[in-house]
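In: Can you look at this prediction? I've put the sequence above it.
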Amino acid sequence: MATMNPSPVKNCARLQVSTRKKSRKRQFEQIKPQSQNQSQIEWKSEVQQQNYSSKLLHALQNIQPGSSPNSRPGKIVHDAADRVLAATAKGKTRWSRAILTKRLKLKFLKKSKKHRVAVTGCSGSTKKPNVSVLKMKSKNLQAVQRKGRVLGRLVPGCKKHSLPVVLEEATDYIAALEMQVRAMAALADLLSGSGSGSSSG
Amino acid sequence: MSSRRSSRSRQSSGGASRITDEQINDLVSKLQQLLPEINRNTRRSDKVSSARVLQETCNYIRSLHREVDDLSERLSELLANTDTTQAALIRSLLMQ
């Protein structure tokens, strides 16, 4: 649907996707500055949270207790929650795509992993050159780079990306995680509230 | 402007890449606005170093992960009671 409706958040998300399909060349210049503010707003909106909550509920209902890894039962819920979160992100960010493809990676060999990184990550060649490149003046470069690496490991799918990419992904990821916390807390309250017989308002 | 962005997105290879100080600073400041810790303890006029912001970001993400972990443990216990779940589900669907 390539309709240009200026409107609620969902339509904007669709608009961004369709714009991307149209003009590949300009997509990075146009979309990136917009999408950062947009994404912040998206993760904070009620709509998004409702969306996520209902999807999460359905996902949790479908969990088969038997087929789980025997570590902690909380892990299953956590994984499901992450997957729903990534799905809610509509695959616009690397971390969401990384979460969604994680299961596939476990099934297939690591060949496909390299393939995916090259395809989805635009900065495929930023491995070593990165360190010598960012010679910023008086910025404690080494410290920043080091912490950037650590951060890259924390955000899914960003282990091998350059610092600006990692920073961008991190901002979106944090907003998404905050929403995840809010939604799961509300859900837990709802479930525990009804358990004791009182209706939650 | 376009050369800066397109070089970031296409080729960062070759001698001098054009990832600039400005870009990094810009991203770091955006990140900083999301961090509750730094914003509470420092005034807006103070400059916080990028390394500090990144450190706080790592800490914040880790704490969010832990929170989600705790919440998911709680949820998995709650979901184990099927009766509770069904009543709650019906109620939540009605409310939405």
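Out: Done, it's in. Residues are numbered from 1 along each chain as shown, chains lettered A, B, ... in the order given.

In: Point to the helix or strand of the chain where mean pLDDT is at its lowest.
Out: Here I'm looking at chain A. Lowest on mean pLDDT, DSSP states H and E among the helices and strands of chain A sits helix A:129-133, with a mean of 36.

In: You answered for a different chain; I wanted chain B.
Out: Across the helices and strands of chain B, mean pLDDT, DSSP H and E gives its lowest value to helix B:2-9, namely a mean of 47.

In: Beyond that helix, next helix or strand please.
Out: Using DSSP states H and E, the next helix or strand after helix B:2-9 towards the C-terminus is helix B:21-34.

In: now check the lengthiest helix in chain A, is it near chain B?
Out: Criterion DSSP state H: the longest helix present in chain A is helix A:163-195. Yes - using C-beta under 8 Å from any C-beta of the partner chain, helix A:163-195 reaches chain B at A:163-164, A:167-168, A:170-171, A:173-175, A:177-178, A:180-181, A:184-185, A:187-188, A:190-195. (Glycine included, C-beta is placed from N, CA and C.)

In: From the contact counts, what lies against that helix?
Out: helix A:24-44, helix A:46-61, helix A:73-88, helix A:94-107, helix A:141-154, helix B:21-34, helix B:50-80, helix B:82-95 (3 or more C-beta pairs under 8 Å, 6 or more residues apart in numbering or on different chains; DSSP states H and E).

In: Columns mean neighbour count and mean pLDDT on top of the ones you listed, output as JSON lines?
Out: JSON lines is the format used below for the helices and strands packed on helix A:163-195 (neighbours: other C-beta atoms under 10 Å in any protein chain shown; pLDDT from 0 to 100):
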{"stretch": "helix A:24-44", "mean neighbour count": "15", "mean pLDDT": "57"}
{"stretch": "helix A:46-61", "mean neighbour count": "17", "mean pLDDT": "76"}
{"stretch": "helix A:73-88", "mean neighbour count": "21", "mean pLDDT": "81"}
{"stretch": "helix A:94-107", "mean neighbour count": "17", "mean pLDDT": "78"}
{"stretch": "helix A:141-154", "mean neighbour count": "18", "mean pLDDT": "86"}
{"stretch": "helix B:21-34", "mean neighbour count": "17", "mean pLDDT": "84"}
{"stretch": "helix B:50-80", "mean neighbour count": "19", "mean pLDDT": "87"}
{"stretch": "helix B:82-95", "mean neighbour count": "14", "mean pLDDT": "67"}
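
In: Would you mark the buried spots in the longest helix of chain A?
Out: Neighbour-count burial for helix A:163-195 flags A:163-185, A:187-188, A:190-194 (criterion: 16 or more other C-beta atoms under 10 Å in any protein chain shown).

In: For it, give the mean pLDDT please.
Out: Regarding helix A:163-195, the rounded mean pLDDT is 84.

In: now that helix against helix A:46-61, angle please.
Out: Angle between the axes of helix A:163-195 and helix A:46-61 is 70 degrees (criterion: axes from the mean of the first three to the mean of the last three C-alpha atoms, to 10 degrees).

In: what inclination does helix A:163-195 have with respect to helix B:50-80?
Out: 30 degrees.

In: Residues touching stretch A:144-158, excluding its own?
Out: A:94-95, A:97-99, A:102, A:130-131, A:134, A:159-161, A:163, A:165-167, A:169-170, A:173, B:24, B:50-51, B:54-55, B:57-58, B:61-62, B:65 (C-beta atoms under 8 Å, 6 or more residues apart in numbering or on different chains).
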